[in-house]
Structures are given as structure tokens and as C-alpha cells.
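In: Let me see the structure of the following:
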Amino acid sequence: MSQYKNLLLAVDLSEESDLITERASAIATAHGATLHIVHVIEPLSFAYGGDIPMDFSGIQDEIQRQAEQQLADHAERLGIPRERRHLLLGRPASEIHALVNDLAIDLVVLGSHGRSGFARLLGSTANAVLQGSPCDVLAVRVGKKK
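Out: Residues are numbered from 1 along each chain as shown. The predicted model follows:
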């Protein structure tokens with residue numbers, strides 16, 4: 001296994017993010033690697049595509065504010081300085097791929113709900129990141145255990 005130097009922890013800021021955070025922190029410590037953290041906010045306009053004639057700017061601002069605080073809380077627990085905290089707006093997989101390239105990331109650590117069947121056909125962020133990533137991706141299984 002290669003020596004990881006730059007890790008990217010991608011979190012959705014759910015309660016399940018703690019498990020993913022623990023794994024990424026342990027790998028970074030074991031390899032003496034630099035750890036970055038990212039959360040990507042998907043704009044509400046992507047979800048509704050302009051079908052609803054409504055101004056989402058106030059809601060989007062509140063989502064941004066809450067995400068900033070939650071990301072800061074996660075990062076502070078890990079001792080990740082501000083310059084390695086990334087809060088982005090866009091499609092999660094695309095934004096993560098761009099950040100991987102910009103930061104020369106060796107390993108992305110993220111969560112996967114392990115969906116199957118119809119839910120898998122719709123795709124997931126973990127799968128999309130894996131498919132287009134130029135580096136290793138560790139998908140930590142979260143959610144229900146069988």
C-alpha cells in the first residue's frame with residue numbers, strides 16, 4: 001500500500017459523519033498525512049430546477065450558515081486548521097473531484113449507505129466520487145448494519 005500524504009475527509013454533516021471522521025483521522029495519523037475536510041452544499045435550485053417560482057436565497061443562506069458551524073465543529077475536534085476546511089457549493093461528486101485535483105489528494109474518505117436495488121440505480125455520492133476519482137477512495141459503511 002502506498003504512503004498517503006494528503007487525505008480528504010468528505011462529510012455530509014449527519015450524525016453518521018462521526019464514524020467516517022474517526023476512520024479518516026486514524027488513517028491520517030498512521031501515515032503522518034495532512035487531513036483536509038470538505039462538505040458540499042447542493043443548491044436548492046438543483047433539486048427544484050426552477051419548477052417552483054420561489055426565492056430560495058434566504059433558505060440557502062441559512063443552510064450555508066448552519067453548514068459552516070457544523071463543519072467548524074467537526075474540524076476543531078480533529079485539529080484541522082481553517083485553511084484545510086472546505087465548504088463548497090455545487091454537485092458533491094464534481095466539487096470533490098475538483099478539490100482532489102487542486103490539493104493533490106491521495107485518499108478520499110467518505111460514507112456510504114450501501115444501498116442496493118432501485119436506490120443504487122439512482123446513484124449515490126460515494127459511487128459518483130469513486131467512479132471519477134483519480135485517487136483511492138475509502139467508502140466507510142454507515143447506517144443500518146445487518
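
In: can you give me the end-to-end distance of stretch 83-98?
Out: 17 Å (Cα to Cα, to the nearest Å).

In: Now do that stretch, average pLDDT.
Out: Mean pLDDT, stretch 83-98: 95.

In: for this structure, what spans make up the helices?
Out: Along the chain, counting by DSSP state H, helices occupy 17-31, 44-48, 57-78, 92-103, 118-121, 125-132.

In: Just tell me which of these ends up closest to Val142.
Out: Closest to Val142 of the helices of the chain is helix 17-31 (Cβ to Cβ; 5.8 Å). Every residue, glycine included, has its C-beta placed from N, CA and C.

In: What residues of the closest one count as buried?
Out: By neighbour count on 16 or more other Cβ atoms under 10 Å, the buried set for helix 17-31 is 17, 20-21, 23-25, 27-28, 31.

In: which strand is the longest one in the protein?
Out: Counting by DSSP state E, the longest strand found in the chain is strand 34-41.

In: circling back to that earlier point, mind picking the two most distant members of the buried residues of helix 17-31?
Out: Using Cβ to Cβ, these span at most 20.9 Å, a distance reached by Ser17 and His31.

In: Perfect, I'm done here.
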